[in-house]
Structures are given as C-alpha cells and as structure tokens.
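Chemist: sequence-free structure coming up:
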DNA sequence: ACGCGCTTGTGAAAGCACGCACAAAGTGGG
DNA sequence: CCCACTTTGTGCGTGCTTTCACAAGCGCGT
C-alpha cells in the first residue's frame, strides 16, 4: 500500500478542477463510443471547450496518466476520472418534492448514467403520496428518516417550493445525509461538513439578462427615469 | 459628463459579483415582504449566506447606496440591483424541447418573477406540436426564426436531448439570440459575443459525489480492486 | 453642540486560477 | 542508433477573488 513511488493522486484537487472533471469525463465517453483509443490534450480540450494547458494541469492533479508524444488513453482516463469522482460506487438519491420539476428529474434518464440511482421519491401532499412516478411509489415526507436509513440514501435532492426547502434540508441533515442538491430558490442553512450545491434557473436567467443588457449598450430606457429616486 | 467626483457605477462589475447579485436581490425581496425597511451588511450577508465584507464590496461596485451607522435601505437597494441586472425591462424567453424538463420549466411560476416572460415553446416532435402547455401552444422547431423575430425573443432555453442541442443553439444564434441557457449535457459551440450558461444536473451530482467520497475517508471498497488496471 | 457607538466603504494582503511557454520524454523514420 | 517531431507536465507571471482591518461618516442621546 505504501510501495508506490510516484504517488498517484495528491490529497487536494482544486475546486475549479473538480467542477471540470465531469465535463472531461462526458467528452471522453463520447470519444470512446466513437471508438477513439487515444486523444491529445489539444483535441480533448477543444472538444470540452477549455484551454489545453488548463486541461493538462487539471489531469496532472490526478497523476501522470498521459504519454508524451502520444496523448492520453481514452479508456484508462475514463476509468481514472470515474474513480476520482467516486462514480465507481453506487449513490442512492432521494428526491423530495414531486412537482413538475421533481417528476422531470425522476424521469430524467441521464441521472443514472453513472453510479446514481434514484432510491426514493417523497412529497408532503397526500394526493401525491402513493402515486407511481418513474417506476417508484411516492412516499410521504414523514418517512424521510426511515427511507434514508433503509435505502442507504446519501444524496438528497430538494425540489420543493422555497418555503419548505429549509425544513427538508434540516431533516436530511438530521437523517445523516451530507450531500444536498437544492433546486429551491432559497439559501439553505446547514452545519459545517454538509455539502450543498444549488441549481437556480432564475439566477442563471438574471445573469444572462445582465450581460445582454450590457451588450445592448445598456442605454435603453434612457438611463433611469430621472426623478424616480424612490427615496 | 466629467463633473461627477464620486463616479456612481463603473463599467465593469466583476463576474463573481454579478453571480451573487441575484441572491442578494432575492434575499432583499424576502426582507421587504416581511416589512423590513433597512438592513445592515452583516444581517443581509448572513441571510444571503456570504461574508459581510464581500457583500459590501459587491454593493460598492454599484455605487454607494448605504448609510454609515445605519445600513442599506431595502427598497432602494432592491431597485438598484434590479436595474443593474436589467430586470426593469422585459425579457422574452423561448424554450426549445418540450419534454419533461421543458414542461416543468414552462410551468415553473418563479420564472416570471422578475422581467422574464415565456414567449414561446418549440419542439421537433409532431406529436407535441400543437399541444397546449402552460397556456401556450407548442410550435414546431422550424418556426424558430420567425418566432424569435415576431415575439422579440432575446433569451433561448434549450431543454432538448443532447444530440439536438448544438443544432438548436446554432439556429438561435443565427436568429439573433445571443443569450442561451443550456440544460442539455453537451458543450455548445457558439461564436464570440454569444453568452451561454449551462445547468447540468449530472455534473452537480458528480461534484457532490466527489466530496462525499472524500468525506467518507475515500477508502470504501478497498481502494481500487487491485488488478483492475485496465491497461 | 458634542461625543459615542455603530456601520459603511476600501486599501492592502493573501490565496486561487489561468494561460504562456518551454524543458522533458516519448515515437517513428531512416 | 540517431534525429526530428510530437505531446505532456509544469514553473512562472498575471489578474481576479476573497478576507481582514480600519478610517471615515452618520445618527442619536444628552
């Protein structure tokens, strides 16, 4: 166990790198499906939409898996990135809030692509509980703790209205879930050690609007309607 | 024009700040709904989940809208951030790909919260075209250019399968749309000047998995099954 | 009118992230 | 066997982000 001189992967991969690894992985899998055996950093970077130096530096954090003069072996790299991301094991996911978005996620095939398995769907609405969505019976939110325990849920997805999100997050944490993906438009308050990532459609649109406005010269509407100070 | 000593807002708000402004805005609106009139950077920062110094620096990029010793006037700040983000004008959004996710977005009320209006839904499937979703008739993808022109669409949302996303993006760009929100799991190739933001559920899960694995000591499953080298 | 307490706005320092450019290392042809 | 060519891995400079710490400013009570 301590006999490997090159020290494969350091503890401490930059966050920015971690965020790009899934993109590389997906790109590599597309290449693999097309039968490509090896790929240069230049080609992979261009397919993944990043700078080639950045890609090489990112990969160097996992160890030296390339061959100078040749490139990277696609198959091997897919394996290494998968392992680094923890996709070689199975992750049980529970979705709370089976509204439009929750149902869309439950039915979204791409979820299970690698290692993720939807283990439970929960909702607070009695009218929804018991219905069958994506081959699963919707359970009641009150069973959250039991479901987390029995199904070994380690990732919680919140697709409830904003008002209920914090309560659900707190219950998830209490039940031992320390990875949460939040689609509700609220800032979740969780203890240290719990990892929350948010996906917020409205925020993305607002960022787009900001840049669009800037591109359009910003003017439009004659720079604030002088007098509308709102004091 | 050169007579203002304090120079209100510089052209060039850091990207990191822009990404946080929507969060501040939402937090402020919640405070406003609760009847709060003024708020200190400390309180607002804590509600928004950021460091108070960061919040003050962010707001300082829009100008000096606070009062020392008191804090920020909620109502005024809401207005200033809205204006900066371009939410005082109306943005027409077109959604292409009316599958589970597209329908969920179309029905998602929070969309129209501020300035965003869903102007059109398009799909390639003849069986979907003509159906009524969220009070709109689904149009055929072939009418994209006409719809963009006639409805004044300036933001395109792509919720198609990965295979079709690039083609849709290209058509959006050709039709003059230069803000795209992409939910399909592919890297879009667009010319300079076009702003693409991506929302990728699968990537978020993978990032969560990475951190979860790291928390769990990484071990689990006895460090790679020795012999599964894949060379 | 004055001073005290509170809060903003911002220099300055530390930490990250990015991308260039190049040495090191491998391949293949002659 | 050697040389020319390709491609990786990385040292280094640059710019952006975050955080600290504090002076300047404002309101209130006396």
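Modeler: Everything's here; your move. Computed from a predicted model, the values in this text were never measured in an experiment. Residues are numbered from 1 along each chain as shown, chains lettered A, B, ... in the order given.

Chemist: next, the buried residues of the helix or strand harbouring residue A:119.
Modeler: According to DSSP states H and E, residue A:119 maps onto strand A:116-123. The neighbour-count check on strand A:116-123 (16 or more other CB atoms under 10 Å in any protein chain shown) flags A:116, A:118-123 as buried. Just so you know, the C-beta spots here come from the backbone N, C-alpha and C atoms, and that holds for glycine as well.

Chemist: for DNA strand D, state which of those residues is nearest.
Modeler: residue A:116 (28.2 Å; CB to the nearest atom of the strand).

Chemist: who are the packing partners of the strand holding residue A:119?
Modeler: strand A:91-96, helix A:100-107, strand A:136-140, helix A:144-151, strand A:153-158, helix B:201-215 (3 or more CB pairs under 8 Å, 6 or more residues apart in numbering or on different chains; DSSP states H and E).

Chemist: these into TSV, with extra columns for mean neighbour count?
Modeler: Converted to TSV, those look like this (neighbours: other CB atoms under 10 Å in any protein chain shown):
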stretch	mean neighbour count
strand A:91-96	24
helix A:100-107	22
strand A:136-140	17
helix A:144-151	16
strand A:153-158	26
helix B:201-215	21
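
Chemist: who wins for proximity to DNA strand C among these?
Modeler: Of all the helices and strands packed on strand A:116-123, helix B:201-215 comes closest under CB to the nearest atom of the strand, at 12.6 Å.

Chemist: show me what stretch A:206-213 is in contact with.
Modeler: Contact with stretch A:206-213 is made by A:220, B:18-19, B:21-22, B:25, B:84-87, B:89, B:91, B:114-116, B:154-155, B:178-181, B:195, B:197, as judged by CB atoms under 8 Å, 6 or more residues apart in numbering or on different chains.

Chemist: now the angle from the longest helix seen in chain A to helix B:201-215?
Modeler: Longest helix of chain A, by residue count under DSSP state H: helix A:15-33. Angle of helix A:15-33 versus helix B:201-215, following axes from the mean of the first three to the mean of the last three CA atoms, to 10 degrees, is 120 degrees.

Chemist: domain parsing for chain A?
Modeler: Using automatic domain parsing, the domain parsing of chain A gives A:15-85, A:91-196.

Chemist: picking up where we left off before, how about a markdown table for the helices and strands packed on strand A:116-123, with mean pLDDT and distance to DNA strand C added?
Modeler: Formatted as a markdown table, the helices and strands packed on strand A:116-123 follow (pLDDT from 0 to 100; distance: least, CB to the nearest atom of the strand, whole Å):
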| stretch | mean pLDDT | distance to DNA strand C |
| --- | --- | --- |
| strand A:91-96 | 97 | 24 |
| helix A:100-107 | 95 | 28 |
| strand A:136-140 | 98 | 37 |
| helix A:144-151 | 98 | 31 |
| strand A:153-158 | 98 | 23 |
| helix B:201-215 | 96 | 13 |
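
Chemist: possible to save these as JSON lines with distance to residue B:58?
Modeler: Converted to JSON lines, these look like this (distance: least, CB to CB, whole Å):
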{"stretch": "strand A:91-96", "distance to residue B:58": "32"}
{"stretch": "helix A:100-107", "distance to residue B:58": "29"}
{"stretch": "strand A:136-140", "distance to residue B:58": "41"}
{"stretch": "helix A:144-151", "distance to residue B:58": "36"}
{"stretch": "strand A:153-158", "distance to residue B:58": "26"}
{"stretch": "helix B:201-215", "distance to residue B:58": "24"}
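
Chemist: among these, which is nearest DNA strand D?
Modeler: So among the helices and strands packed on strand A:116-123, helix B:201-215 is nearest, using CB to the nearest atom of the strand, at 16.7 Å.

Chemist: contacting residues around residue A:101?
Modeler: A:159, A:183, B:104, B:108.

Chemist: need the residues of chain A near DNA strand C, please.
Modeler: For chain A, the residues in contact with DNA strand C (CB under 7 Å from any atom of the strand) are A:14-17, A:50-51, A:53-54, A:56-57, A:67-70.

Chemist: run the last query once more with 10 Å
Modeler: When proximity is defined as CB under 10 Å from any atom of the strand, chain A approaches DNA strand C at A:12-20, A:41, A:45, A:50-58, A:61, A:64, A:66-71.

Chemist: hmm, which of these are the buried ones?
Modeler: Buried among the residues of chain A next to DNA strand C by 16+ other CB under 10 Å: A:13, A:17-18, A:20, A:41, A:45, A:50, A:55-56, A:58, A:66, A:71.

Chemist: now, among those, which is nearest to residue A:137?
Modeler: residue A:18 (34.9 Å; CB to CB).

Chemist: and the end-to-end length of stretch A:30-46?
Modeler: Counting by CA to CA, to the nearest Å, you get 13 Å between the two ends of stretch A:30-46.

Chemist: circling back: any idea how far the strand holding residue A:119 is from the chain center?
Modeler: 16 Å (CA atoms, centre = their mean, to the nearest Å).
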